[in-house]
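Undergrad: Need the 3D shape of this:
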Amino acid sequence: MKTSAITTKPKTATPEKWLAARLELLQQEKVITKLQDKLAQSRRELPWVKITQPYTFDSPRGRVSLADLFEGRSQLIVQHFMLGPGWEEGCKSCSFMLDHFNPTVLHLKARDVAFTVISQAPLAEILPFKQRMGWNVNWVSAHGNGFNQDFHVSFTEKEIARGQVDYNYGKMDFPQTEAPGISVFARDTDGTVYHTYSTYGRGVEVVMTTYDLLDLVPKGRDEAHDEYGMQWLRHHDRYETAPAHA
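TA: Numbering: from 1, shown residues only. Here you go, the predicted structure:
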């Protein structure tokens, strides 16, 4: 494989000066960590919204309700996956997300959290792509039930043409009929389901730990010269080799 190297001249220092700079950075990191803890607490304190719509989904085991997706647990995380009716394959960025979600499911279950992927495409179009990618997660279809529209991750062609769709808590132009997101639900002892949290746009980076690791290395995310963010990304079965750049 072709090797690559850092082409910009690095700033260098003695070990002693490097340690001093690292300790200064550590103080900034600690501030961010404490702010993240405070933010997580505020997130948990958001009020809940009772789900009154009787959503049902197509699943490999037949029609299931939103409550069924909890699989006996009290909390549920949903990935809104961009795979619309008639699409040849799922969105590569949503696939990147699910690559990270997939191995966490067992750990989530150990903490009373179920996980489900929901897409607008019919189930018959979801399952072949799921098999191709090798993901072992619960994945259901919201085709025709209004769920994706109510959570502002599916839009009609007319809405796209008109512009200013309702996404990420504001009005904006959006280039596609499907959008990414993560939603969280809770179920109380009498079976009532509540919506507790949703995040969209760059908020979904919470699961993309590859980006956290890239933020540690000298080149960072290295996307500044790309035409658009995540241009480099591929479905995990489409990388020819580990990318190397001169």
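
Undergrad: For the protein, just list every one of the helices.
TA: Here the chain has its helices, by DSSP state H, at 15-44, 92-101, 105-110, 123-133, 147-150, 157-162, 209-214.

Undergrad: pLDDT weak spots in the chain?
TA: Where the chain drops to pLDDT under 70, the residues are 1-3, 5, 241-246.

Undergrad: make it 80
TA: Across the chain, the ranges flagged by pLDDT under 80 are 1-9, 241-246.

Undergrad: And for residue 109, the neighbour number?
TA: 14 (other CB atoms under 10 Å). (Glycine included, C-beta is placed from N, CA and C.)

Undergrad: The closest residue to residue 90 other than its chain neighbours and residue 226, how far apart?
TA: Closest residue in space to residue 90, ignoring its immediate chain neighbours: residue 83 at 4.1 Å, by CB to CB, 6 or more residues apart in numbering. Separation of residue 83 from residue 226 (CB to CB, to the nearest Å): 24 Å.

Undergrad: between these two, who's got more neighbours?
TA: Neighbours per residue (other CB under 10 Å) separate residue 83 from residue 226, with residue 83 holding more: 25 against 12.

Undergrad: That one touches residue 123, doesn't it?
TA: No. Applying CB atoms under 8 Å, one finds residue 83 not in contact with residue 123, separated by 10.8 Å.

Undergrad: contacting residues around residue 97?
TA: 79, 81, 180, 204, 207, 208 (CB atoms under 8 Å, 6 or more residues apart in numbering).

Undergrad: Using CSV, lay out these together with distance to residue 63 and neighbour count.
TA: Listed next are the contacts of residue 97 as CSV, based on distance: CB to CB, whole Å; neighbours: other CB atoms under 10 Å:
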residue, distance to residue 63, neighbour count
79, 20, 23
81, 19, 28
180, 25, 20
204, 28, 19
207, 28, 19
208, 32, 18
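
Undergrad: And the furthest pair within these?
TA: Using CB to CB, the two most remote members of these are 81 and 208, lying 14.0 Å apart.

Undergrad: Distance from the chain centre to stretch 181-195, please.
TA: 18 Å (CA atoms, centre = their mean, to the nearest Å).

Undergrad: Give me the contact list for it.
TA: Outside stretch 181-195, the residues that touch it by CB under 8 Å, 6+ apart are 48-51, 66-67, 70, 73-80, 151-153, 196-200, 203-204, 206-207.

Undergrad: Equivalent analysis for stretch 45-64, please.
TA: With contact meaning CB under 8 Å, 6+ apart, stretch 45-64 is reached by 65-66, 69, 118, 122-123, 127, 138, 140-143, 145-147, 150, 185-186, 192-197.

Undergrad: Tell me the buried residues in it?
TA: The neighbour-count check on stretch 45-64 (16 or more other CB atoms under 10 Å) flags 51, 55, 56, 57, 58, 59, 64 as buried.
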